[in-house]
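Engineer: return a 3D structure for these sequence lines:
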Amino acid sequence: MARSPSTSTSRLPVRGAEQCRRRFTQPLQTNLGLDLKGGYSVTYQAQPITDPTTKAVSYPDSGAMSTIQGIIENRVNSTGTLEAVVETEGTDEILVEVPGAPTRRTSGISLASRGR
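Structural biologist: Numbers count the residues shown, from 1 in each chain. Modelled structure (predicted):
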């Protein structure tokens, strides 16, 4: 006589509904990104530097791009902006996305000024 495969399942302890309700009573806060909330996105491109005496052209390396990214992150975060994205793209570009700020001017972020 062939046996059919077992269809029974083992039962695991299940928490009561009341216990689950108490655990999940805090409101869930979600932050909307650029696609739903709006905001601005800008890509900066690091320019090569030409030595005036030798005319040699120097392109930014990964260390320089990391330094630039850190400076921009500090400027963006100093405004209290939440959920801002600052990331390197490729070898010479930095993407900055700030949700909730329609323009760079209204966000209070000054990225174009030179460091002190």
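Engineer: all contacts plus neighbour counts: C-alpha atoms, from now on.
Structural biologist: OK.
Engineer: any stretches of the protein with poor pLDDT?
Structural biologist: Filtered on pLDDT under 70, the chain yields the residue ranges 1-26, 28-36, 102-116.
Engineer: by contact count, what packs against the helix or strand encompassing Glu97?
Structural biologist: According to DSSP states H and E, Glu97 maps onto strand 93-99. Strand 93-99 sits against helix 34-37, strand 39-45, strand 85-89, with contacts defined as 3 or more Cα pairs under 8 Å, 6 or more residues apart in numbering; DSSP states H and E.
Engineer: with just CA atoms, put the longest helix seen in the chain into CSV.
Structural biologist: Looking across the chain with DSSP state H, the single longest helix is helix 62-77. Once non-C-alpha atoms are left out, helix 62-77 reads as follows in CSV (Å, rounded to 0.1, in the frame of the first residue of the first chain):
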residue,chain,number,x,y,z
SER,A,62,38.7,58.7,-5.7
GLY,A,63,40.2,60.4,-2.6
ALA,A,64,39.5,63.9,-3.9
MET,A,65,35.9,62.8,-4.8
SER,A,66,35.4,61.4,-1.3
THR,A,67,36.6,64.7,0.2
ILE,A,68,34.3,66.7,-2.0
GLN,A,69,31.4,64.4,-1.1
GLY,A,70,32.1,64.8,2.6
ILE,A,71,32.2,68.6,2.3
ILE,A,72,28.8,68.6,0.4
GLU,A,73,27.3,66.2,3.0
ASN,A,74,28.4,68.6,5.8
ARG,A,75,26.8,71.5,4.1
VAL,A,76,23.6,69.7,3.4
ASN,A,77,23.3,68.2,6.9
